[in-house]
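# Have a look; sequence and predicted model below, questions after that.
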Amino acid sequence: MIEVQSLNKKYGTTPVLKEINLTLPDQGVTALIGPNGAGKSTLLGVMSRLQAADAGRVMIDGLDVHQTSNAVLSKKMAILRQDNTISLRLKVYDFVAFGRFPYSQGKLTQEDMEHVDRALDYLNLNDLRHRYLDELSGGQRQRACIAMVLCQNTKYLLLDEPLNNLDMKHAVDIMKLIRRAADDLQKQVVVVLHDINFASCYADRIIAMKLGGVVYDHPPELLMTTDIMRDLYGIEMTIHSIQDRPIGFYHL
Amino acid sequence: MNSVRAVVARSLSNPVYRLMMAGVFAALAIVAFLTLNVRASWAFTLPFRGEKVIAIMLVGVAIAFSTVLFQTLTHNRILTPGIMGFDSLYALLQSFMLLLLGRIAFVQLNPQLKWLIEVMVMAGALCGLYYWLFLRQKRDLPVLILVGIVLGLLFRSLNSLIGRMMDPVEFDVLQDLMFANFNRIDGSLLAVAGFLMLLVSAWLWRQRYVLDVLQLGDAIAVNLGLNQRALTLKLIVAIAFLVSISTALVGPVTFFGILVANIAYAVSGSYQHRFVIPMASFLAIIALVGGQAILEYVLKFGSSLSIVVEFIGGVFFLGLVMRQGRR
């Protein structure tokens, strides 16, 4: 269980997180949505200990993330940030294998290699395993990054806009993978999404942020309404039921 | 015939073989240094040259280690620890001691004591700077480097101020210290320096995989379980010691580290520190020991190695900058 307790953070005098309180169960897919600058990435950054908060704390299975050793946390929780520029000239396989570092400390065992192979398989990267990262397209690199955090085999997975740079097929594949990780492998996946319809189709719960605060926290059926969308994004959206899913249309 | 070629090609791409080859060349350079053009008796020559070769190796390895570590820490392949104002602090220290003690006392100063003071002041200054910026002000690495550059400028200006106030004879002594000289090495320092090198190397070897992870960037490093802040502090202390060892032994060397580190990245055939660091060390030994052997015993230009090495390193550095600019 992840418990976020009265989290507050300011950049200078601008508040970016305002009194955030959340409880996330052990299993499920939670989508984090909201307009640009709402504080989604900052919340994920603080939850994953990459950023410090000014006040409040984050507990993961009873451990305060800012007090617990990184080595312990790296086996419980994996985070993928938005910007992953890697200056190193590295092959895809070697990069993905870094995901096993918390367990292997650099020396890969047979079991580690099986994890790496499985992750490469999941993300359709088998043909690219011997290519260098800097020879890949943005979407391929994004998939390599996801494969790396998947290898970490953690109970909690925090993904900041994992659909960045992905075409439709790969975006759908990633969302299916996230769903499967939650259902089959009993993981809790927190994912920042911009495509509201992906959130609606794949998440159990959608948390909407605006100006640093959590403003809505509902399952998709309750969150996908014209009023909420107008309040969140300031656009007129009609909600249609397609194959029993609420789908928002706002493109015209 | 083809299969032979295939085997050769395969072993050439294997980092272990590449490292072994570099090791063989380094050993050849050492043998050449010990045996080229021997005039005096072997009983005199071998200990005499042996001490020198050990000193040059120590310096080369220290420069190779410190540059690779610094570049890993900063995720940048054209920086050296010299940018943190290290060489100018060394220069300031020399002129300050000279001014304080006078020429005669300065020259007569116990070399071990003097060296120890230099190492302590240089390592202490950097650790203090780090402590203040990271832990008190909560700043990050780029700020530390910028402050280092500014301080370097300050040290240089102070140094030239002291230079102006100095007696011309003393200034002459000082000028001599401002350029690296591989013939000046004091044999009595070798035991201490070697011991320190051994400690640092042993620690580094234990960190070899951790350093690989650090290269991926801070966010990924923390995600994979590194205690990144503590590691940064330890690395800075290690770099401070390494730079102090080499600078105090021979004087400031600016571009040589960039040269060996970047060639090592290119020829080691691996991103892993367990290959890159030994490769950079072997390359440094080949360049310094081999270069000194040729210059001193074949061409008879005793003290000009640092000039040659810095010239090549400087040109190489310019090339790197131009290539990065084009990208």
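On my side now, so go ahead.

# which residue sits closest to A:Asn84 in space, ignoring its chain neighbours?
Excluding the flanking residues, the one nearest A:Asn84 by CB to CB, 6 or more residues apart in numbering or on different chains is A:Cys145, at 5.0 Å. (Each C-beta comes from the backbone N, C-alpha and C, glycine too.)

# So that neighbour, which state does it fall into?
Secondary structure, DSSP: H, G, I helix; E, B strand; the rest coil: A:Cys145 is helix.

# Checking A:Ala78 next. Helix, strand or coil?
The local conformation at A:Ala78, judged by three-state DSSP, is strand.

# how deep is it tucked in, by neighbour count?
A count of neighbours around A:Ala78, defined by other CB atoms under 10 Å in any protein chain shown, yields 27.

# next one: B:Ala22
A total of 21 residues lie near B:Ala22 under the criterion other CB under 10 Å.

# what's the pLDDT at it?
Per-residue confidence (pLDDT) for B:Ala22: 88.

# Chain neighbours aside, what residue packs nearest to it?
Distance criterion CB to CB, 6+ apart; nearest residue to B:Ala22, sequence neighbours excluded, is B:Phe282 at 3.9 Å.

# contacting residues around the one you found?
B:19, B:22-23, B:25-26 (CB atoms under 8 Å, 6 or more residues apart in numbering or on different chains).

# and the residues you listed, which of them are in helices?
Judged by DSSP state H, helices contain the following of the contacts of B:Phe282: B:19, B:22-23, B:25-26.

# ok, the residue nearest to A:Asn84 touching A:Gln82?
No. A:Cys145 is not in contact with A:Gln82 according to CB atoms under 8 Å; the separation is 10.2 Å.

# Which residue does the stretch 51-200 of chain A have closest to chain B?
With CB to the nearest CB, the shortest gap between the stretch 51-200 of chain A and chain B falls at A:Gly106, namely 2.6 Å.

# show me the contacts for that residue.
Neighbour list for A:Gly106: B:208-210, B:212-213 [criterion: CB under 8 Å, 6+ apart].

# Then A:Ala208?
A:33-34, A:214-217, A:223, A:228, A:232.

# roughly how far apart are the residue nearest to B:Ala22 and A:Gln105?
26 Å (CB to CB, to the nearest Å).

# Now do the same for the closest residue to chain A within the stretch 151-300 of chain B: its pLDDT.
Evaluated by CB to the nearest CB, the stretch 151-300 of chain B has B:Tyr209 as its residue closest to chain A, separated by 2.6 Å. What the model reports for B:Tyr209 is a pLDDT of 91.

# Tell me the helix or strand right after whichever strand or helix holds A:Leu7.
Under the assignment given by DSSP states H and E, the secondary-structure element containing A:Leu7 is strand A:2-11. Per DSSP H and E, the first helix or strand lying C-terminal to strand A:2-11 is strand A:14-24.

# buried set for that following strand?
For strand A:14-24, burial by neighbour count (16 or more other CB atoms under 10 Å in any protein chain shown) applies to A:15-18, A:20, A:22, A:24.

# Could you do stretch A:160-180 as well?
For stretch A:160-180, the buried set under the neighbour-count rule, 16+ other CB under 10 Å, comprises A:160-164, A:166, A:170-171, A:173-175, A:177-179.

# For B:Leu199, grab the count of nearby residues.
Neighbours around B:Leu199, by other CB under 10 Å: 12.

# Dig out what A:Ile242 forms beta bridges with.
With DSSP bridges as the criterion, A:Ile242 is bridged to A:Arg245.

# any idea how far it lies from B:Ala240?
Between A:Ile242 and B:Ala240 the computed distance is 63 Å (CB to CB).

# The two - which one has more neighbours?
More neighbours surround B:Ala240 than the other of A:Ile242 and B:Ala240, with 23 against 11 (other CB under 10 Å).

# tell me which element that one is part of?
For B:Ala240, the enclosing helix or strand under DSSP H and E is helix B:228-250.

# how about the residues of the stretch 101-250 of chain A that lie near chain B?
The stretch 101-250 of chain A comes close to chain B at residues A:101-102, A:105-107, A:148-149, A:152, as judged by CB under 8 Å from any CB of the partner chain.

# So which residue is smack in the middle of the chain?
Using chain A here. Centre of chain A computed as the mean C-alpha position; nearest residue by CA atoms, centre = their mean is A:Leu159, 1.6 Å away.

# Please refer instead to chain B.
With distances taken as CA atoms, centre = their mean, chain B has B:Ile63 as the residue nearest its mean C-alpha position (1.5 Å).

# I'd say that one and B:Gly257 touch.
Yes. Assessed by CB under 8 Å, B:Ile63 is found in contact with B:Gly257 at 4.8 Å.

# hmm, back to that, ok, and which of the buried residues of strand A:14-24 reach chain B?
Counting by CB under 8 Å from any CB, no member of the buried residues of strand A:14-24 is near chain B.

# now the residue nearest to B:Ala22, what's its secondary structure?
Under the three-state scheme (three-state DSSP), the conformation of B:Phe282 reads as helix.

# on that earlier part again, what pairs with the residue nearest to the centre of chain A across the strands?
A:Leu80, A:Val191.

# give the contact list for it.
A:79-80, A:146, A:149, A:178, A:189-192.

# And the buried ones among these, selectable in ChimeraX?
Provided next is the ChimeraX selection string for whichever of these are buried by 16+ other CB under 10 Å:
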select /A:79,80,146,149,178,189,190,191,192
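
# which one among the contacts of A:Leu159 gets closest to B:Asp87?
Distance ranking of those against B:Asp87, using CB to CB, places A:Ile79 first at 39.7 Å.

# hmm, which of the contacts of B:Phe282 are the buried ones?
Buried residues within the contacts of B:Phe282, defined by neighbour count using 16+ other CB under 10 Å: B:19, B:22-23, B:26.

# Dump those into JSON lines; add distance to B:Leu235 as well.
As requested, those are arranged in JSON lines below (distance: CB to CB, whole Å):
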{"residue": "B:Leu19", "distance to B:Leu235": "23"}
{"residue": "B:Ala22", "distance to B:Leu235": "24"}
{"residue": "B:Gly23", "distance to B:Leu235": "26"}
{"residue": "B:Ala26", "distance to B:Leu235": "25"}
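
# wait, which of those is closest to chain A?
When the buried ones among the contacts of B:Phe282 are compared for distance to chain A (CB to the nearest CB), B:Leu19 comes out closest, at 17.5 Å.

# pretty sure that closest one contacts B:Ser268?
Yes. If you go by CB under 8 Å, B:Leu19 and B:Ser268 touch, sitting 7.0 Å apart.

# any idea how far the residue nearest to B:Ala22 is from B:Ser244?
With the distance defined as CB to CB, B:Phe282 ends up 23 Å from B:Ser244.

# try B:Ser270
Using CB to CB, one gets 29 Å for the distance from B:Ser270 to B:Ser244.

# can you check B:Leu129 too?
B:Leu129 sits 14 Å away from B:Ser244, going by CB to CB.

# who's more crowded, those two?
Relative neighbour count places B:Ser244 above the other of B:Leu129 and B:Ser244, with 28 against 18, counting by other CB under 10 Å.

# Hmm, that one is touching B:Met122, no?
Yes. Counting by CB under 8 Å, a contact exists between B:Ser244 and B:Met122, whose distance comes to 4.4 Å.

# residues in the stretch 1-150 of chain B within reach of chain A, list them.
Going by CB under 8 Å from any CB, the residues of the stretch 1-150 of chain B near chain A are B:75-76.

# Where does the stretch 1-150 of chain B get nearest to chain A, residue-wise?
Using CB to the nearest CB, the closest approach of the stretch 1-150 of chain B to chain A is made by B:His75 at 5.2 Å.
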